[in-house]
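Undergrad: Got a sequence here, can you build the structure:
(one chain, ligands or ions: 2)
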Amino acid sequence: MLPILKVKDLSIQFKKRNICINAVNKVSFALDEGEVLGIVGESGSGKSQTVLAIMGLLAKNALTSGSVKLLDQELLGLNNIKLNKIRGNRVSMIFQDPMTSLNPYLTIQSQMTEVLMLHKGISHKNALNESLKMLDLVKISDAKRRIKLYPHEFSGGMRQRVMIAMALLCKPELLIADEPTTALDVTVQAQILELLRELKNELNMAVILITHDMGVIANVCDRVCVMYAGNIMEGGTIEDIFYAPKHPYTVALLESIPKLEQDGNDIDAKLKTIPGEPPNLIHLPAGCAFQDRCSCVHEACRHGEIEPQFLGESHIVKCNLQFITSGAVMQNSNCHLASKTNI
Ligand SMILES: Nc1ncnc2c1ncn2[C@@H]1O[C@H](COP(=O)(O)OP(=O)(O)O)[C@@H](O)[C@H]1O
Ligand SMILES: [Mg+2]
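TA: Ligands and ions are numbered 1, 2, ... in the order given. So this is what the prediction gives:
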């Protein structure tokens, strides 16, 4: 069976006058029907540009290479007429701030029915019926009345539900959600994530969920890609990444999740942060992009290109430590990984 989406060696560079920003570097992943893939990483790590490339929505100064296949159709380099048939129809996207995607001057009804009439060529009456059904599905009560409202008349959480309903109108094979809950408060955030999980099961669609929150990943996703400075540093199932992380960056990210203390009352006071900053994407160092912040860095990490290594069927890591004997790693007294994992 073909995966719904197959991204292979996707690289994205932005040209600005005579400088070149290396935003995404040889990213590869695949997604099956009904699967939720999480993409996690710090701000600026290339998460949004990766999915914008899938949607054909990169800025004009972007240069891409590699391949993005939706079933057997290549999307990279497709012209706008063909992309318009795919966007909102076979692949839909929801963004962090629904106000940027909803038209403030039009009622929800006009915006929803227009999508269906355009993509599916159905009558206004049928489009209205479908839109009401979709609002029910995303649990907006009193849909018949509310569909006549304007976006600003909804609360943040309700607006995100409307956005999700619009994204799902044409029953896409793939839904991309780029930090869909970041702008919402925590209780509403949990409701929206629960809704996405239910809808994915109901509609059996593939989902890419972008977040900077490892907790969200653990709750919602089947698999996860950890991105850093445009690279997928580690990818695998939730079990691989949370129980057997192999990349020092993944380990550091996991250590920065707030945990409840044993007595269940206090937030752990020793919350870890990752010292330093991501590298400049204009002048990336040779070797590993994480080298300057890595507590396990080794001479071999500073040269050449680090190739991704398969550790199992689904687990992949872009780190030299797999080749370095644990004795050599142990010599690096700062390395917090050596004692924890069997590298
Ligand atoms: N049009 C552009 N021109 C130059 N650089 C860009 C452009 N769009 C994005 N970038 C750069 O690409 C990098 C990755 O951005 P992005 O994928 O949006 O990060 P995030 O992981 O936070 O979603 C950032 O450093 C950003 O500045
Ligand atoms: Mg982003």
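
Undergrad: from here on, contacts and neighbour counts on C-alpha atoms
TA: Noted.

Undergrad: Look at the residue in the stretch 51-200 of the chain that ligand 1 sits nearest to and report its pLDDT.
TA: Of all residues in the stretch 51-200 of the chain, Ala59 sits closest to ligand 1, with a separation of 4.9 Å (CA to the nearest ligand atom). Here the pLDDT value assigned to Ala59 is 96.

Undergrad: where does the protein have low pLDDT?
TA: 259-271, 323-334, 336-343 (pLDDT under 70).

Undergrad: so where do the strands sit in the stretch 1-150 of the chain?
TA: Under the criterion DSSP state E, counting those that start in this stretch, the stretch 1-150 of the chain carries strands at the ranges 5-16, 19-31, 36-40, 62-70, 73-74, 91-94.

Undergrad: Need the contact partners of the last one.
TA: Translated: strand 91-94. Residues outside strand 91-94 that contact it (CA atoms under 8 Å, 6 or more residues apart in numbering): 55, 163-164, 167-168, 172-178, 180.

Undergrad: do it and ligand 1 meet at all?
TA: No. Using CA under 6 Å from any ligand atom, strand 91-94 stays clear of ligand 1, with a minimum separation of 13.5 Å.

Undergrad: same for the longest helix seen in the chain, what does it pack against?
TA: Longest among the helix segments of the chain by residue count, using DSSP state H, is helix 186-203. Under the contact criterion of 3 or more CA pairs under 8 Å, 6 or more residues apart in numbering; DSSP states H and E, helix 186-203 touches helix 156-168, helix 214-220.

Undergrad: got the CA coordinates for the next helix or strand after that helix in PDB?
TA: Later in the chain than helix 186-203, the nearest helix or strand by DSSP states H and E is strand 206-211. The C-alpha trace of strand 206-211 is given here as PDB (Å, rounded to 0.1, in the frame of the first residue of the first chain):
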ATOM      1  CA  ALA A 206      -3.800  11.300   8.000                       C
ATOM      2  CA  VAL A 207      -2.800  14.200  10.100                       C
ATOM      3  CA  ILE A 208       0.400  16.200  10.500                       C
ATOM      4  CA  LEU A 209       0.400  18.100  13.800                       C
ATOM      5  CA  ILE A 210       3.000  20.700  14.400                       C
ATOM      6  CA  THR A 211       3.700  21.800  17.900                       C
END
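
Undergrad: quick one on the thing from earlier: pipe the strands of the stretch 1-150 of the chain into a markdown table and attach mean neighbour count per row.
TA: Output for the strands of the stretch 1-150 of the chain, formatted as a markdown table (neighbours: other CA atoms under 10 Å):
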| stretch | mean neighbour count |
| --- | --- |
| strand 5-16 | 19 |
| strand 19-31 | 19 |
| strand 36-40 | 27 |
| strand 62-70 | 18 |
| strand 73-74 | 13 |
| strand 91-94 | 23 |
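
Undergrad: Show me what from the stretch 1-150 of the chain comes close to ligand 1.
TA: For the stretch 1-150 of the chain, the residues in contact with ligand 1 (CA under 6 Å from any ligand atom) are 14, 21, 23, 43-49, 59.

Undergrad: so what's the residue at minimal distance from the centre of the chain bridging to?
TA: The centroid of the chain falls nearest to Ile210 when counting by CA atoms, centre = their mean (2.5 Å). Note on Ile210: beta-bridge partners Ile39, Asp178, judged by DSSP bridges.

Undergrad: Next, work out how far apart it and ligand 1 are.
TA: Computed as CA to the nearest ligand atom, to the nearest Å, the Ile210 to ligand 1 distance reads 8 Å.

Undergrad: got a list of what that residue touches?
TA: Ile210 is in contact with 38-40, 47-48, 176-180, counting by CA under 8 Å, 6+ apart.

Undergrad: try it again with 6 Å
TA: Residues near Ile210 by CA atoms under 6 Å, 6 or more residues apart in numbering: 38-39, 178-179.

Undergrad: now swap in Leu71 and tell me
TA: So Leu71 contacts 4-5 (CA under 6 Å, 6+ apart).

Undergrad: Recalculate using a threshold of 10 Å.
TA: Going by CA atoms under 10 Å, 6 or more residues apart in numbering, Leu71 touches 1-6, 31-32, 173.

Undergrad: Is Arg293 in contact with Gly276, as I believe?
TA: Yes. Contact criterion CA atoms under 10 Å: Arg293 and Gly276 qualify, at 5.9 Å.

Undergrad: more crowded one of the two?
TA: A direct count of neighbours by other CA atoms under 10 Å for Arg293 and Gly276 places Arg293 higher, at 16 against 9.

Undergrad: ok, that one to ligand 1 distance?
TA: From Arg293 to ligand 1 the distance is 18 Å (CA to the nearest ligand atom).

Undergrad: what's that residue in contact with, if anything?
TA: For Arg293, the contacting residues are 248-249, 274-279, by CA under 10 Å, 6+ apart.

Undergrad: possible to save these as CSV with distance to ligand 1?
TA: Below are the contacts of Arg293 laid out as CSV (distance: CA to the nearest ligand atom, whole Å):
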residue, distance to ligand 1
Pro248, 19
Tyr249, 15
Ile274, 17
Pro275, 18
Gly276, 16
Glu277, 12
Pro278, 10
Pro279, 10
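
Undergrad: where do the helices sit along the protein?
TA: 47-55, 80-86, 108-120, 124-137, 143-146, 156-168, 186-203, 214-220, 238-243, 248-255, 326-331.
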